[in-house]
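# Predicted model, plus sequence, below.
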Amino acid sequence: MSNVGSFVTYRALYDRLRSEGFIAGTGEDGYRANVRSAIKRIRNKFRSCDPAFDEIKNYTSFGYCWRKPF
């Protein structure tokens, strides 16, 4: 949430989840599946409180963004 309105790359998110440079998954971009799973779990936690939750946006093959308020 510290970057509201700005997209953050999959790698930057994964570095925050694990540690900088941590390697996991298959191939050079294997960490992306781990990031997608983490974001899915976060979205589901918010949706359990608010079924209309839609604040996390995805930019395919790049990363995620917390939507700016109106």
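It's in.
# only C-alpha atoms for contact and neighbour calcs from this point on.
Noted.
# The least confident helix or strand in the chain by mean pLDDT packs against which elements?
Sorting the helices and strands of the chain by mean pLDDT, DSSP states H and E puts helix 10-17 at the bottom, at a mean of 91. Identification of packing neighbours for helix 10-17 by 3 or more C-alpha pairs under 8 Å, 6 or more residues apart in numbering; DSSP states H and E yields helix 31-49.
# any idea of the mean pLDDT in the helix it packs on?
In this model, helix 31-49 carries a mean pLDDT of 94.
# Before we go further, Asn58 is sitting in a strand, right?
Yes: the assignment for Asn58 by DSSP: H, G, I helix; E, B strand; the rest coil puts it in a strand.
# Please list all residues in contact with it.
Tyr64, Cys65 (C-alpha atoms under 8 Å, 6 or more residues apart in numbering).
# Could you rerun that using 10 Å?
Phe7, Val8, Arg36, Ile39, Tyr64, Cys65, Trp66, Arg67 (C-alpha atoms under 10 Å, 6 or more residues apart in numbering).
# Then Arg43?
Ser37, Asp50, Pro51, Phe53, Asp54, Glu55, Ile56.
# Tell me who's in contact with the residue lying closest to Phe22 once chain neighbours are set aside.
Closest residue in space to Phe22, ignoring its immediate chain neighbours: Asp15 at 6.9 Å, by C-alpha to C-alpha, 6 or more residues apart in numbering. The contact partners of Asp15, taken as C-alpha under 10 Å, 6+ apart, are Thr9, Gly21, Phe22, Ile23, Tyr31, Val35.
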